[in-house]
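In: attaching a predicted model along with its sequence, questions to come.
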Protein chains: 2
Amino acid sequence: MKSGPDIAMVASLVGDPARANMLTALMNGRALTASELAQEAGITPQTASSHLSKLEAGGLVEPEKQGRHRYYRLTDDDVAGVLEGLAGLAARTGHMRVRTGPKDPALRRARICYDHLAGDLGVQMLDSLRERHLVRQKKQEIELTAEGERFLTRHLQISPDMLAHPRRPVCKACLDWSERRHHLAGTLGAAMMQRFTELKWAARDTTPGSRVVNFTRTGEKQFAALFGNGKD
Amino acid sequence: MKSGPDIAMVASLVGDPARANMLTALMNGRALTASELAQEAGITPQTASSHLSKLEAGGLVEPEKQGRHRYYRLTDDDVAGVLEGLAGLAARTGHMRVRTGPKDPALRRARICYDHLAGDLGVQMLDSLRERHLVRQKKQEIELTAEGERFLTRHLQISPDMLAHPRRPVCKACLDWSERRHHLAGTLGAAMMQRFTELKWAARDTTPGSRVVNFTRTGEKQFAALFGNGKD
DNA sequence: TTCATGCTTCGATGGTAGCCGAAGCATCGC
DNA sequence: GCGATGCTTCGGCTACCATCGAAGCATGAA
């Protein structure tokens, strides 16, 4: 029969859109939990679990157990390098991914990621915070500035000492599924989302299990006033 | 919406065993006819035709019509490089077919990977550099030592300041397809290969598209003197 | 302990893609 | 012109695998 390493084996692992999305999400080097990866790929945890065990068997990702979470990361730079190479080939022939994000436009606009705001509005919010120097971002790490603390207290009644948590960071960059850019996670991200809900600016969709976040008319206006970029 | 390159699209092309066999058969750089590729993959010409049109649409192979034959070759060295990377990952995790690496022994001994030396000699060269502390390797990262800089200047007339590049690293470990170990990439890897060519120690095979590198007799001797391990 | 959360396994379903037989073009040799 | 060879298209079959619901297991919290 044929000889050599079974390149089809590895390639077919990357060849599935759901798995490719997971791997892409891991390209920034951070480790993500199984559920986070499921969300990134837009699939249920069961399916993600199946995919992840395959990726692990294929040596593309490595698990790390931490409490009841299971973090996954790319095995090493060789894996990342191959993924980059594939991306290069795909980009060259103009094959950009179109349908990998959520189909639902509402889901793309605003949705819950864990407990914080994601989607177009989530990315826009972090952009605005960064641009106005309310937070400082160094690569993956985000830090709240003194100016930012004043802003939160004044406009959202969020006091910085409410945000402390033994293990969870206050600010964290979370790669947005549909936008492929970062939005704000961490206890601050969660607190802001909670505040939006309390202020009745937004509410999670009533459909059971839906991750869509619906903004009210006044909520959208207030949000735009605080974080708008002038485009809408 | 924002979207990256569709890596799943390309990977799934390689992910089918029949197509992977075809691509592997093309790894030596030679062009093969559709029927030859069908035979390599162990499928009927009809099926092969379908696969080949997909590979062509994906930009992995290019056809060349000649009489009533249709020759296919890999589009360029980038494709070959990605395939090498995939093969490296597969080999590393022990997913082998039967025997490792390319059938062609010449290809296994010395070949071009992108623009630098790969194969047995490529691996041997990096081994030698590392062993004599001319480079320092920490996992994936390779660094040229001061001693190494002197060595390059003296023996190969390569001055370190020629190697600077805005985005490409000077040294980089590249996983070798046939040997399952690293060889030297980066601007230094490219510069050394170029120097070998200029010194007429080695030359790419004249067969159009071939990735084989042929060493001259004196070239082989000089190379062994610099990087030999005493085994040959 | 009891409950909640995170993840996995099992079973069933459906869509997709590889595969080949047969037929259709194209090119070459005569 | 004719037939032979190389390759492609078409249609139908089959097998695989991604997907999800439901249930099970493990860990942490109350």
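Out: Sure, I can see it. Numbers count the residues shown, from 1 in each chain, chains lettered A, B, ... in the order given.
In: the helices in chain A, which residues?
Out: A:7-15, A:17-26, A:34-41, A:45-57, A:77-92, A:105-109, A:120-131, A:146-156, A:186-198, A:217-227 (DSSP state H).
In: what would the ones you listed look like in a markdown table with mean neighbour count?
Out: For glycine as for every other residue, the C-beta is placed from the backbone atoms N, C-alpha and C. A markdown table is the format used below for the helices of chain A (neighbours: other Cβ atoms under 10 Å in any protein chain shown):
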| stretch | mean neighbour count |
| --- | --- |
| helix A:7-15 | 25 |
| helix A:17-26 | 24 |
| helix A:34-41 | 22 |
| helix A:45-57 | 16 |
| helix A:77-92 | 21 |
| helix A:105-109 | 17 |
| helix A:120-131 | 21 |
| helix A:146-156 | 14 |
| helix A:186-198 | 19 |
| helix A:217-227 | 15 |
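In: between these, which gets the lowest average pLDDT?
Out: Here the lowest mean pLDDT among the helices of chain A goes to helix A:105-109, at a mean of 69.
In: what's the pLDDT at A:K231?
Out: Confidence score, pLDDT, at A:K231: 49.
In: get me the contact residues on chain A for DNA strand C.
Out: Within chain A, the positions near DNA strand C by Cβ under 7 Å from any atom of the strand are A:33-35, A:45-46, A:48-50, A:52-53, A:63, A:68-70.
In: just those that are near DNA strand D?
Out: Okay, of the residues of chain A next to DNA strand C touching DNA strand D (Cβ under 7 Å from any atom of the strand), that's A:46, A:50, A:68.
In: how about these in JSON lines, adding distance to A:R132?
Out: Below are those laid out as JSON lines (distance: Cβ to Cβ, whole Å):
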{"residue": "A:Q46", "distance to A:R132": "42"}
{"residue": "A:S50", "distance to A:R132": "43"}
{"residue": "A:R68", "distance to A:R132": "38"}
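In: ok, so of the residues you listed, who is nearest A:L83?
Out: A:S50 (20.4 Å; Cβ to Cβ).
In: domains in chain A, by residue range?
Out: A:7-92, A:105-227 (automatic domain parsing).
In: can I get those in JSON lines with distance to B:T197?
Out: Formatted as JSON lines, the domains of chain A follow (distance: least, Cβ to Cβ, whole Å):
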{"stretch": "domain A:7-92", "distance to B:T197": "25"}
{"stretch": "domain A:105-227", "distance to B:T197": "40"}
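In: make a markdown table out of those and add distance to chain B.
Out: Formatted as a markdown table, the domains of chain A follow (distance: least, Cβ to the nearest Cβ, whole Å):
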| stretch | distance to chain B |
| --- | --- |
| domain A:7-92 | 3 |
| domain A:105-227 | 4 |
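In: quick one: closest of these to B:G59.
Out: Across the domains of chain A, B:G59 has its closest neighbour in domain A:7-92 (6.5 Å, Cβ to Cβ).
In: distance between the ends of that closest one?
Out: From its first residue to its last, domain A:7-92 covers 22 Å (Cα to Cα, to the nearest Å).
In: from the chain's centroid, how far away is that domain?
Out: 14 Å (Cα atoms, centre = their mean, to the nearest Å).
In: same thing with stretch A:119-136?
Out: 14 Å.
In: nearest to B:D205, out of the domains of chain A?
Out: Using Cβ to Cβ, the domains of chain A put domain A:7-92 closest to B:D205, at 22.9 Å.
In: re the thing from before, wait, which of the helices of chain A is closest to B:A11?
Out: The nearest among the helices of chain A, by Cβ to Cβ, is helix A:7-15 at 3.6 Å.
In: among the domains of chain A, which comes closest to B:D77?
Out: Between the domains of chain A, domain A:7-92 lies closest to B:D77; by Cβ to Cβ that is 11.4 Å.
In: returning to what we had before: and B:L86, which of the helices of chain A is closest to it?
Out: It's helix A:7-15; of the helices of chain A, that one is closest to B:L86 (Cβ to Cβ) at 4.5 Å.
In: packing partners of that closest one?
Out: Judged by 3 or more Cβ pairs under 8 Å, 6 or more residues apart in numbering or on different chains; DSSP states H and E, helix A:7-15 is in contact with helix A:17-26, helix B:7-15, helix B:17-25, helix B:77-92.
In: need those in JSON lines with distance to A:F215, can you?
Out: Below are those laid out as JSON lines (distance: least, Cβ to Cβ, whole Å):
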{"stretch": "helix A:17-26", "distance to A:F215": "26"}
{"stretch": "helix B:7-15", "distance to A:F215": "32"}
{"stretch": "helix B:17-25", "distance to A:F215": "47"}
{"stretch": "helix B:77-92", "distance to A:F215": "43"}
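In: please name whichever of those helices is nearest to A:A8.
Out: That would be, of the helices and strands packed on helix A:7-15 and by Cβ to Cβ, helix B:17-25, which comes in at 3.6 Å.
In: pull the CA coordinates from that closest one and hand them back as CSV.
Out: Taking Å, rounded to 0.1, in the frame of the first residue of the first chain, the C-alpha atoms of helix B:17-25 are listed here in CSV:
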residue,chain,number,x,y,z
PRO,B,17,-7.3,9.6,1.8
ALA,B,18,-7.5,9.4,-2.0
ARG,B,19,-6.6,13.0,-2.4
ALA,B,20,-3.9,12.8,0.2
ASN,B,21,-2.3,9.9,-1.7
MET,B,22,-2.4,11.9,-4.9
LEU,B,23,-0.8,14.9,-3.2
THR,B,24,1.9,12.7,-1.6
ALA,B,25,2.7,11.3,-5.0
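In: what helices or strands is it leaning on?
Out: Going by 3+ Cβ pairs under 8 Å, 6+ apart, helix B:17-25 lies up against helix A:7-15, helix B:7-15, helix B:34-41, helix B:45-57, helix B:77-92.
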